[in-house]
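# Compute the structure for the input listed below.
(one chain, ligands or ions: 5)
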Amino acid sequence: MSQAAERLRLLSGHLDRHAAVLRAAPTSTQTVTHSYPHRFRYSLDNSLLTPEQRQFYEENGFLLIKNLVTEDDVNKFRKAFERICLKEVSVPGLVVMRDVAIAKSEFVPDQKAVSKIQDFQEDPELFRYCTLPQILKYVECFTGPNIMAMHTMLINKPPDAGKKTSRHPMHQDLHYFPFRPVDRIVCSWTAMEKVTRQNGCLVVLPGTHHGTLLVHDYPEWEGGVNKMYHGVRDYDPNHPRVHLEMEKGDTVFFHPLLIHGSGMNQTEGFRKAISCHYASGDCYYIDVKGTTQENIANEVKEIAERRFDAGDISFQDSWAFRGRLVQGERVSM
Ligand SMILES: CCCCCCCCCC(=O)SCCNC(=O)CCNC(=O)[C@H](O)C(C)(C)COP(=O)(O)OP(=O)(O)OC[C@H]1O[C@@H](n2cnc3c(N)ncnc32)[C@H](O)[C@@H]1OP(=O)(O)O
Ligand SMILES: Nc1ncnc2c1ncn2[C@@H]1O[C@H](COP(=O)(O)OP(=O)(O)OP(=O)(O)O)[C@@H](O)[C@H]1O
Ligand SMILES: O=C(O)CCC(=O)C(=O)O
Ligand SMILES: [Fe+2]
Ligand SMILES: [Mg+2]
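Ligands and ions are numbered 1, 2, ... in the order given. Reported below is the predicted structural model:
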């Protein structure tokens, strides 16, 4: 195994047989780093990442940090989620989602029915995840010192109901975001328990962040697809895949163009993870009209207008409204 491939194996924790193919660092005309012009495009220098870690993110588009969130904090987030599911608290702006396969089944007032909550920025305990200093230190390596928490999510992937609807199709998160520049956006995703291939861990296609935003739409899955779960229409099925098996508290940071998804949950338990998408406070909104993002923009707009019973909420507004400053200055977001 080459040195680079060995590094990939060590840092990703688990590696597909075919994933040992690594790409060379891209040569780019964009210079964003101070110390190594042209060498690093996707990361900034704040003296936290080792050169190896930076190089790994540059090449692969993700970086896994083991044991970053304490057991105690994860347990507190689990409790906060439980309280929401039991309706002991109500959180303004929160979106609760049930798996499409069980959405029409009888209502059960506990977490078993909930597959995902989004937009928990008004829940102080859950939002504390987005402000954890050890997370923000890493985030800063990608966004720079001005940091906005743009999108929050707790995923409670249910045991598959037999229709494979618990899968998340392969996608690029940028599809959902009308802001740029792309390299100043990053996701942090923390396992709230051991995640394995068996319970539907993240699956990533290393290096795909070097590409462009691809066309997304609903995959043709016989058993049904969850609302807004768009997938990349065409991706190379032979591209090496890495299954990110993680322990409770392990955290992966990944680029918004990295193609990723998650498999079926073939266990009896609910697989939990908490995540936040961050962007630099210096990012700016773009108009997605006429681009591949127009389909999701229309869906989001429709849902937002229905929820708030308002006539004209733009895709950009829906994001400006969700975003919260967590460090530095909110310059243009
Ligand atoms: C803005 C997104 C930003 C994401 C950015 C980061 C990347 C993230 C990648 C993703 O996670 S993409 C997936 C994100 N998914 C969403 O944002 C969906 C959020 N969920 C919702 O808005 C609601 O859960 C939903 C509108 C789907 C249903 O809420 P309701 O409170 O209206 O549910 P209700 O039980 O009243 O059901 C209304 C209808 O929706 C159907 N339904 C419920 N859950 C569903 C589901 N999961 N999928 C499809 N349809 C669903 C339900 O069967 C019913 O259909 P019928 O009218 O035909 O009877
Ligand atoms: N038909 C499909 N179209 C698009 N994406 C798919 C399809 N089937 C699976 N995926 C996606 O591929 C990824 C991995 O799928 P899956 O869970 O089947 O993993 P796997 O590599 O086959 O592992 P295992 O052998 O453990 O099942 C997930 O992101 C899943 O959503
Ligand atoms: O299954 C997961 O936890 C990942 C979901 C995901 O990639 C997303 O919601 O954007
Ligand atoms: Fe995603
Ligand atoms: Mg499979």
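
# Just confirm yes or no for stretch 294-308 near ligand 3.
No - using Cβ under 6 Å from any ligand atom, stretch 294-308 stays clear of ligand 3, with a minimum separation of 12.0 Å. No exception for glycine: its C-beta is placed from N, CA and C like everyone else's.

# Please apply the same query to stretch 159-167.
No - Stretch 159-167 lies out of reach of ligand 3 by Cβ under 6 Å from any ligand atom, never closer than 8.5 Å.

# which residues are in contact with that stretch?
Identification of contacts with stretch 159-167 by Cβ atoms under 8 Å, 6 or more residues apart in numbering yields 99-102, 115, 157-158, 200, 221-226, 261-270.

# How far away from the center of its chain is that stretch?
20 Å (Cα atoms, centre = their mean, to the nearest Å).

# same question, stretch 316-327
16 Å.

# Next: stretch 52-64.
Counting by Cα atoms, centre = their mean, stretch 52-64 is centred 16 Å from the centre of its parent chain.

# Up against ligand 3, what does the stretch 51-200 of the chain have?
Going by Cβ under 6 Å from any ligand atom, the residues of the stretch 51-200 of the chain near ligand 3 are 153, 155, 157, 168, 173.

# in the chain, which segments are predicted with low confidence?
Low-confidence segments of the chain (pLDDT under 70): 1-38, 102-112.

# who in it is up against ligand 1?
By Cβ under 6 Å from any ligand atom, the part of the chain that sits against ligand 1 consists of 95, 97-98, 100, 103-104, 118, 151, 173, 176, 226-229, 277, 300, 303.

# For ligand 2, what's its nearest residue on this structure.
Among all residues of the chain, residue 263 sits closest to ligand 2, at 1.8 Å; criterion: Cβ to the nearest ligand atom.

# where's the residue nearest to that residue when sequence neighbours are not counted, which helix or strand?
Nearest residue to residue 263, sequence neighbours excluded (Cβ to Cβ, 6 or more residues apart in numbering): residue 200, at 4.7 Å. Here residue 200, judged by DSSP states H and E, is contained in no helix and no strand.
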